[in-house]
Every structure is written in C-alpha cells, then in structure tokens.
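Visitor: sequence first, predicted model second:
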Amino acid sequence: MAVSHELARDLLAIEAVKINTKSYFTWTSGMKSPIYCDNRLTMSHPEIRRKISKYFAQLIENMEEKPDVIAGCATAGIPHAAWLADTLNLPMVYVRSTPKGHGKENQIEGTFEKGQKVLVIEDLISTGSSSIEAAKALRNEGGEVIGVLAIFTYGLQTSIQQFSAENLSFQTITSFDQLIDALVKDAKIEKEEESELLSWRNNL
C-alpha cells in the first residue's frame, strides 16, 4: 500500500478528516468546504504520529539539500516538528504567526545560526499563507529555508501559485486527491459525492 493512501486512511479512521457534501464546514478563513482536516488529532495516536515522523524522514532522505534545523509552524506544526527533530537528532525552533506582544517579542522561539538550512514543518496546507509567512520570518533572521513539509494538502491552486511566487518548494505525505482515491477504492463515498468534492476543489 502506498504511504500516501495508508496515511489518508489513517486520518479518516481517527476522524482527523471529515467529509460532508450536504452541509459544508466553515474554515477559520470563512471559506465553506465539504472537507475538514484537523491533524491535531494525530497527537493523540502514537502509532500514527510515529508514522508521520517516519514519512517526513523519508521525504528528507530524498531531498538534495538536508536541513540543519527543523522549524515548526505554530501551533499544529510544533509537535510534529519536535518529534521529527528528535528522530533526526537536529535542533528545532518554532515560528509564531506574529511576534509576541511582551517580553523579548520573539516571533521565532529557539536559536539557529545565520546561513543554516531550515526545513519548515506544517500540519496541513490550504492556501499556504501560514507556511509562507513562517518561511519569510526565518529568512528575515538569516535562515536558508530549503522547503516546507506538511502532512496533508487540499491541493488548491492558490497554494501552488503562492509557493511558486515565493520560490519556495513544498511536499506533503498525503493529499486531497489521494484521500478521494482511497475513499473511492474503499467504497466509502458515492459517485455523486466524489464529483461534488472534486468540483469544489477544482473551481476554487
């Protein structure tokens, strides 16, 4: 079984991904969607979170450039960055969405040296904005961001365009397309639901 399809089934099994083509979910951004992905639930499932770290490590093995530092996006990317950094025995930092409003007013917690190669870890990619903002913050502090890894992507054209505009690469373990493929193969959705899901994504 392909890793991408295996993890898609894992996410469905723990209800980290939910599908409802009749009553759309509302994302934080206000966008209406027939699919909702909450990868924070993976924290409560040791076997699945270990798989995610293993799969991230495999993606890194195939990268031309290797990271010196692992950076987690606040908040849901932080635990996965920590587990991955521990697996690889690498330093870790995390990046807030905005600088703290008190103390040292840090946006980046932890330390790294200018010129070090930094890999950003995110739980999922929708529009890509949070990952890109984290990468910009790291670049502003002298880090060489070599890419973004995430558990899941909706595959929105907006995200592809935004990453391209910032000359930033990204990879994910599984995706919207692989999730739909697994649902169809397992006879978990009807043809009409498949069409509704694909139409929603392809028309954004």
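Guide: Noted; the coordinates are in hand. Residues are numbered from 1 along each chain as shown.
Visitor: check whether Glu194 sits in a helix, strand or coil.
Guide: Here Glu194 is helix, with the state taken from DSSP: H, G, I helix; E, B strand; the rest coil.
Visitor: can you check Ala57 too?
Guide: Following three-state DSSP, the label given to Ala57 is helix.
Visitor: and the helices in this protein?
Guide: With helices called from DSSP state H, the chain shows them at 3-13, 46-61, 77-88, 129-140, 157-165, 176-185, 191-202.
Visitor: any weak-confidence spans in the protein?
Guide: The chain contains residues with pLDDT under 70 at 1, 100-104.
Visitor: mind redoing it with 80?
Guide: 1, 100-105 (pLDDT under 80).
Visitor: rewinding a little: Tyr24: which of the helices of the chain is closest?
Guide: helix 191-202 (8.4 Å; CB to CB). (Glycine included, C-beta is placed from N, CA and C.)
Visitor: by contact count, what packs against that closest one?
Guide: Counting contacts by 3 or more CB pairs under 8 Å, 6 or more residues apart in numbering; DSSP states H and E, helix 191-202 packs against helix 176-185.
Visitor: next, the angle from the helix it packs on to helix 3-13.
Guide: Helix 176-185 and helix 3-13 are oriented at 70 degrees to each other (axes from the mean of the first three to the mean of the last three CA atoms, to 10 degrees).
Visitor: got the buried residues for helix 176-185?
Guide: 176, 178-183 (16 or more other CB atoms under 10 Å).
Visitor: distance from the chain centre to that helix, please.
Guide: In this view, helix 176-185 has its centroid 18 Å away from the chain centroid, taken as CA atoms, centre = their mean, to the nearest Å.
Visitor: what is that helix packed up against?
Guide: helix 3-13, strand 144-153, helix 191-202.
Visitor: now with 7 Å?
Guide: If you count contacts as 3 or more CB pairs under 7 Å, 6 or more residues apart in numbering; DSSP states H and E, helix 176-185 packs onto helix 3-13, helix 191-202.
Visitor: export those helices to TSV and append columns for distance to Tyr55.
Guide: Below are the helices and strands packed on helix 176-185 laid out as TSV (distance: least, CB to CB, whole Å):
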stretch	distance to Tyr55
helix 3-13	6
helix 191-202	23
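Visitor: how close does Asp87 sit to Val145?
Guide: One thing to correct before we go on: residue 87 is Thr, not Asp. Look at Thr87 and Val145: by CB to CB, to the nearest Å, they are 20 Å apart.
Visitor: try Met31
Guide: Per CB to CB, Met31 is found 26 Å from Val145.
Visitor: and those two? Which one has more around it.
Guide: Neighbours per residue (other CB atoms under 10 Å) separate Met31 from Val145, with Val145 holding more: 24 against 13.
Visitor: quick check: closest non-adjacent residue to the more buried one.
Guide: Nearest residue to Val145, sequence neighbours excluded (CB to CB, 6 or more residues apart in numbering): Ala135, at 4.5 Å.
Visitor: related to what we said a few turns ago, which one of the helices of the chain lies nearest to Arg40?
Guide: Arg40 sits nearest to helix 77-88 of all these, at 8.4 Å, using CB to CB.
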